[in-house]
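Colleague: Structure, please.
(chains A and B)
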Amino acid sequence: EAQVTQNPRYLITVTGKKLTVTCSQNMNHEYMSWYRQDPGLGLRQIYYSMNVEVTDKGDVPEGYKVSRKEKRNFPLILESPSPNQTSLYFCASSSFQLIEAFFGQGTRLTVV
Amino acid sequence: DQQVKQNSPSLSVQEGRISILNCDYTNSMFDYFLWYKKYPAEGPTFLISISSIKDKNEDGRFTVFLNKSAKHLSLHIVPSQPGDSAVYFCALGRDDKIIFGKGTRLHILP
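Modeller: Purely as a prediction, here's the structure:
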């Protein structure tokens, strides 16, 4: 079954404690991306990757890091989380033309 | 600067009637116009798209219309069904990114 898997689904952490949210896809997609969804703001792109070892900033990259060492994985790293990063995060993957992106189920992060 | 605007945060439609969701955009440098649907506790799922060279695309009960001169996109759902109750995101796509609107919550009334 084609899918994008994010872990964990829910996470509560404290300010400053480094965390990683994993994302894996099984569709051999070149393109992967991270979004955050906040009330009244919709989905905003954090980082994206066009292929292995190729990453670039989206619209709201501050406070986040990513890596793309393998085609199937695209982890999101928060080196020093802050309360303003409390949000619902989605990972997505797509073939090159980006017409249809597949999303993971989301990770609800709370930073206290 | 909001490039994709969905001006109606919510919309209520009677079951069996037509639902029309609207979207305006400011940036013309995109190749595809997309609609995604999202249920609570799930990720968005792709619904339908239209290329910038077309003005209409149909898929079953769903039709997307593109008016490039007005920079306006709309999604028609007919007939509306209870399972259509969800948040609908309009999006613009090209080869390096997808930009989403803030979404419209559609309620289908029995």
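
Colleague: In chain A, spot the strand with the most residues.
Modeller: Within chain A, and with DSSP state E defining each element, the longest strand by residue count is strand A:42-51.

Colleague: mind listing the strands for chain B?
Modeller: Secondary structure of chain B (DSSP E): strands at B:4-5, B:10-14, B:19-25, B:32-38, B:45-51, B:56-59, B:62-67, B:72-77, B:86-93, B:98-100, B:104-109.

Colleague: Looking at those strands, which is nearest to A:Asn51?
Modeller: With C-beta to C-beta, the closest approach to A:Asn51 among those belongs to strand B:98-100: 16.7 Å. The way it works is simple: take the backbone N, C-alpha and C, and place the C-beta from them, glycine included.

Colleague: The closest one pairs with which strands, and in what direction?
Modeller: strand B:86-93 (antiparallel) (DSSP bridges).

Colleague: Ends of stretch A:59-69, what's the gap?
Modeller: In terms of C-alpha to C-alpha, to the nearest Å, the two terminal residues of stretch A:59-69 are separated by 22 Å.

Colleague: What lies in contact with that stretch?
Modeller: A:32, A:34, A:36, A:44-47, A:49, A:51-55, A:74-82, A:85, B:99 (C-beta atoms under 8 Å, 6 or more residues apart in numbering or on different chains).

Colleague: got the residues of chain B near chain A?
Modeller: Neighbours of chain A within chain B, by C-beta under 8 Å from any C-beta of the partner chain: B:6, B:32, B:34, B:36, B:41-46, B:49, B:89, B:93-103.
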